Structure formats: C-alpha cells, structure tokens
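Peer 1: this one's sequence-less:
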Ligand code: A2P
C-alpha cells in the first residue's frame, strides 16, 4: 500500500491525514498533534472554522519536525468567500499556524444556489484568489471540499488551475459514488472526512465480523478500506491509543471479496450535511 498519493500537479501527499475537527484548542490540540506526529503521521488536516489552528500550529512547532517533512492543509471558511477576503483569511490562517506556506488550501464548502444568486461567480472569485496564492508559491496545491459535480463543473470551466483535491464525507455506507467517479475521471484526488462514520458504522455487525477476521478494529478496517479504494482518509481522534491505532493499517490487506462486501453495504451513518442545503 502506498504511503503517498500523487496530486495532479505532481505534489506528493501522505496517504493518511490527521483530522482536527472538534479538537479543542490549546493544550489538547498541542498534545494530540505532537502525539500524532510522534506516531508517524506527517499530514495534518486543519481548518479555520475548527478554531484550533493556534494549538495545531504550536503542536507542529513543538514537535521539532522539519517543515519540509510535513504536509499541512487548511480550509477557507464560508464567511470569507470572495477574492479579497480569501487573501486575508489565508494570511490569518498562516499566522495562526505559524507557517510561511501551506501544502494544501481548500474551499471548505461551495457557495450554492440555495444561498446565493451569484453562487458560481462567488466560487470563481474565491478560486481566483487561491490560484494567485498558488502561483505566488504560498500554497503547494489548491482544492475544494464538499463540492459535487454540479459545483465543480462551472468552477473548472473558469479555472486556470484545476483543483487537485476534493474532500468529501466518505465511509462504509456512504461512498458518494457519482462524485467520486467524476473526480477520479478528472484526476482530482478524493479525501474522506469522517472516515469512521458515526457510532452506527463502528457498531455495524458485518464490519465487526470482518475486523475480527483480520485481527483489526472496525476503525482500522474503515481506514484501510478507504485507502484501497484510492480515497485518502482523515481520521480524527484526541485519544492517544486511537491515534496510534488509526495509523497502524499498513501491515494487512482487505481481500477483494471483503472490499466488495463493504462497497455494497446498505447506506448508514451519513452526517446528513448536504452541500446544497446546509445553512452555514
Ligand atoms: P475521540 O476523538 O474521542 O477519540 P471521524 O474521523 O469519522 O469523524 O470520527 C471521529 C470520532 O471517532 C471521534 O469521536 C473519535 O473520538 C472517534 N474515534 C477515532 N478513532 C477511533 C477508534 N480507533 N475507535 C473508536 N472511535 C474512534
């Protein structure tokens, strides 16, 4: 199993990212980042709206790991869409993280017709700022998050630089096949948020039985399954033994028949956050 994916601009991205959503800022964020980096993670998935980028940045700094050996992602929050506001939000994120460049910057959610008449223009204006930051060397790769095909198509029609990544909800029982196919056909790497789903996924009897056969936990099956489907998982935990467990997935392989069983599971565990109707 490869430990990196290659993005469409030839940048290598470590194949598991450490999620930071719902991680409290301050000591907790500092400690979990140091723990994750000590366990071998080299890819941190942050976002301005998680309100913990100061702690995440301090954790990175205290780890002592060289910047060039890390891959750090952040995301532009919805209230900052637009050209000027994106440039400013990016600078704030960089400052909070105590970094002088980002490896990847994503538009967190698309502007959509549900909230804006000019939603396509708004996404294009935001993207123009991201392209500029990329061209100025402040970001190594740019992408989107929670974009479906009908959001990506108009953006790509106007874009000079194609998105490298689309980060979407992805876990057993919620695979978003149409979106994944469109992105795969266009060489856009899929990253999966909430790769463990919610309680329903971790409690699923079929997944429990499969996990037992491999002597692994259901969480490890979810993470390995995403990777074997070429999706980059972003597991989040604040619990040291789980942080370690979620990275310990390189020493086994899920068989083709078990992959098929998981791929064909009935829908479960979706967050219900539909990009076209969410109100944030
Ligand atoms: P905690 O952070 O308290 O350890 P997801 O990444 O799918 O959004 O899942 C995150 C949730 O799953 C968090 O509540 C996290 O709890 C929990 N979690 C993370 N890793 C594991 C694991 N290996 N086993 C069980 N629960 C986990």
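Peer 2: Good, I have the coordinates. Owing to the predicted nature of the structure, the values given are computational and were not obtained by experimental measurement. Numbers count the residues shown, from 1 in each chain.

Peer 1: what residues are up against the residue nearest to residue 7 when sequence neighbours are not counted?
Peer 2: Of all residues not flanking residue 7 in the chain, residue 164 sits nearest, at 4.1 Å (Cβ to Cβ, 6 or more residues apart in numbering). C-betas here are computed from N, CA, C, even on glycine. Residue 164 makes contact with 7, 8, 9, 11, 104, 141, 142, 143, 188, 189, according to Cβ atoms under 8 Å, 6 or more residues apart in numbering.

Peer 1: let's see 6 Å
Peer 2: Neighbouring residues of residue 164 by Cβ atoms under 6 Å, 6 or more residues apart in numbering: 7, 8, 9, 141, 143.

Peer 1: gap between the second one and the ligand?
Peer 2: Spelled out, that is residue 8. Per Cβ to the nearest ligand atom, to the nearest Å, residue 8 is found 25 Å from the ligand.

Peer 1: again, but for the fourth one
Peer 2: According to Cβ to the nearest ligand atom, residue 141 and the ligand sit 22 Å apart.

Peer 1: Which among the contacts of residue 164 count as buried?
Peer 2: Buried members of these, scored by 16 or more other Cβ atoms under 10 Å, are 7, 8, 141, 143.

Peer 1: rewinding a little: now tabulate the contacts of residue 164 in a markdown table and tack on pLDDT and secondary structure.
Peer 2: Below are these laid out as a markdown table (pLDDT from 0 to 100; DSSP: H, G, I helix; E, B strand; the rest coil):
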| residue | pLDDT | secondary structure |
| --- | --- | --- |
| 7 | 98 | coil |
| 8 | 98 | coil |
| 9 | 98 | coil |
| 141 | 99 | strand |
| 143 | 99 | strand |
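
Peer 1: with those in mind, which one is nearest to residue 179?
Peer 2: Nearest to residue 179 among the contacts of residue 164, counting by Cβ to Cβ, is residue 143 at 13.6 Å.

Peer 1: how far does stretch 264-280 stretch from start to finish?
Peer 2: Using Cα to Cα, to the nearest Å, one end of stretch 264-280 lies 32 Å from the other.

Peer 1: Please apply the same query to stretch 17-36.
Peer 2: With Cα to Cα as the measure, stretch 17-36 spans 10 Å from end to end.

Peer 1: Contacts for that stretch, please.
Peer 2: Applying Cβ under 6 Å, 6+ apart, the contact partners of stretch 17-36 are 41, 43-46, 50-52, 55-56, 58-59, 62-63, 234-236, 238, 240, 243.

Peer 1: What is the most widely separated pair among the buried ones among the contacts of residue 164?
Peer 2: 8 and 143 (9.7 Å).

Peer 1: on that earlier part again, and the residue nearest to residue 7, what are its phi and psi?
Peer 2: The phi and psi values for residue 164, taken as degrees, to the nearest 10, are phi -90, psi -30.

Peer 1: what are the ranges of the helices in the stretch 101-250 of the chain?
Peer 2: 119-135, 149-158, 177-185, 199-202, 205-214, 218-228, 240-247 (DSSP state H, counting those that start in this stretch).

Peer 1: Touching the third one from outside, list them.
Peer 2: Outside of helix 177-185, the residues within contact range by Cβ under 6 Å, 6+ apart are 148, 149, 166, 190.
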